[in-house]
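Q: Any chance you could fold what I've pasted below:
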Amino acid sequence: MATQQEPRRRRRGLRRTVITLIVVIAVLIGADFGFGSYVEYRVSKLLRAQLHVQDDPRVSVHGFPFTTQALAGDYGNITVDANDVPATPTVRDLAFNINLRHVQVPIGQLTSGKVDKIPVQELDGSVKVSAADIARMLHLSDIKLAKQPINAVLGNASPVSESNPNPDAFNNDPTHRDTRAGFSLTASTSLAGQRTAITIYGMITLQGGQIVATPKKLKLTNAFINSSLPASISHRLLGRFAFRVDPGTLPFSVTPTRVGVTEDGALSVTGKARDVVLNGNLAR
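A: Residues are numbered from 1 along each chain as shown. Alright, predicted model coming up:
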């Protein structure tokens, strides 16, 4: 009998060991994520003053486990998102997206909240200006922004649209590189009693940290018209849709290096910086 019960005891003991191990791992993972949430909360508080926003920004600490990063005081990648940030009376809906790499905050300072300086090895950020802000600047009720190949703006290529998506249109195209990009802006208006879509094709450029839009072509679409207007006619109307946007200074003294049109129909300014030092005292 003893020889038959021994394997059963071993199996029961193994099951208890496995269950205990699973419970311990689950507790450790739960504690790690809990600590990660605490770190995100503390970093959000610290960055709120840096971004000059009313609400705490969304902060995500990437990489697992969080605890080892906190103990080392070096966080490999932290992303920060903030929406509906007012910049000027007209530009009210800015959105920030920031990636911080190798953020160095000693755990003791983080938990106490007494952080004087926060060294960041590398940082890249972007600011998005919404179509609603552009519409407000142009005194329009509603507009739609989309990116366009440079040949569609300055040449004879067909524009990209929902009916003509043409994913190859941007291949080898210099439009979306660095300081300029092609765009289209579509608004609706009443023309001779017909609801008419006015589409502007133009270039946006980055000048002194500001987005400058220069319209080049104008197209009308309604039940009777679906064509671009001749330059001799459209010239007088295009100036109505020229605009300049000052999105304010990019966070953390990032130098703007690129302008573009995002997939969700906003204008964006992006830039990078290295060896940035954030002032933790601002969060007190």
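
Q: surely Thr199 meets Asn222?
A: No. With contact defined as Cβ atoms under 8 Å, Thr199 and Asn222 do not form a contacting pair (11.7 Å). Bear in mind the C-beta positions are built from the backbone N, C-alpha and C, glycine included.

Q: Quick one: the helices in the chain, in order.
A: 2-51, 66-72, 107-112, 131-138, 150-154, 231-238 (DSSP state H).

Q: May I have the fourth one exported as PDB, CA atoms only?
A: Only the C-alpha atoms of helix 131-138 are listed here, as PDB (Å, rounded to 0.1, in the frame of the first residue of the first chain):
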ATOM      1  CA  ALA A 131      -9.700  70.700 -38.900                       C
ATOM      2  CA  ALA A 132     -12.200  72.400 -36.600                       C
ATOM      3  CA  ASP A 133      -9.500  75.000 -35.700                       C
ATOM      4  CA  ILE A 134      -8.700  75.600 -39.400                       C
ATOM      5  CA  ALA A 135     -12.400  76.000 -40.100                       C
ATOM      6  CA  ARG A 136     -12.700  78.500 -37.300                       C
ATOM      7  CA  MET A 137      -9.800  80.500 -38.700                       C
ATOM      8  CA  LEU A 138     -11.400  80.600 -42.200                       C
END
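
Q: For Lys217, give its distance to Ser37.
A: The gap separating Lys217 from Ser37 is 51 Å, by Cβ to Cβ, to the nearest Å.

Q: Looking at those two, which one has more neighbours?
A: Between Lys217 and Ser37, counting by other Cβ atoms under 10 Å, Lys217 is the more crowded of the two (19 against 13).

Q: and the more buried one, what does it touch?
A: 153, 200-202, 228, 234, 238 (Cβ atoms under 8 Å, 6 or more residues apart in numbering).

Q: Let's see that with 7 Å instead.
A: Residues counted as contacts of Lys217 (Cβ atoms under 7 Å, 6 or more residues apart in numbering) are 153, 201, 228, 234.

Q: now swap in Arg258 and tell me
A: With Cβ under 7 Å, 6+ apart, Arg258 has these contacts: 178-179, 206, 270.

Q: from those, which is closest to Val43?
A: Val43 lies nearest to Thr270 out of these, by Cβ to Cβ, at 21.7 Å.

Q: surely the closest one meets Ser126?
A: Yes. Counting by Cβ atoms under 7 Å, Ser126 is a contact partner of Thr270 at 4.1 Å.

Q: Looking at these two, which has the bigger crowd around it?
A: Taking neighbours as other Cβ under 10 Å, Thr270 and Ser126 compare with Ser126 leading, 21 against 18.
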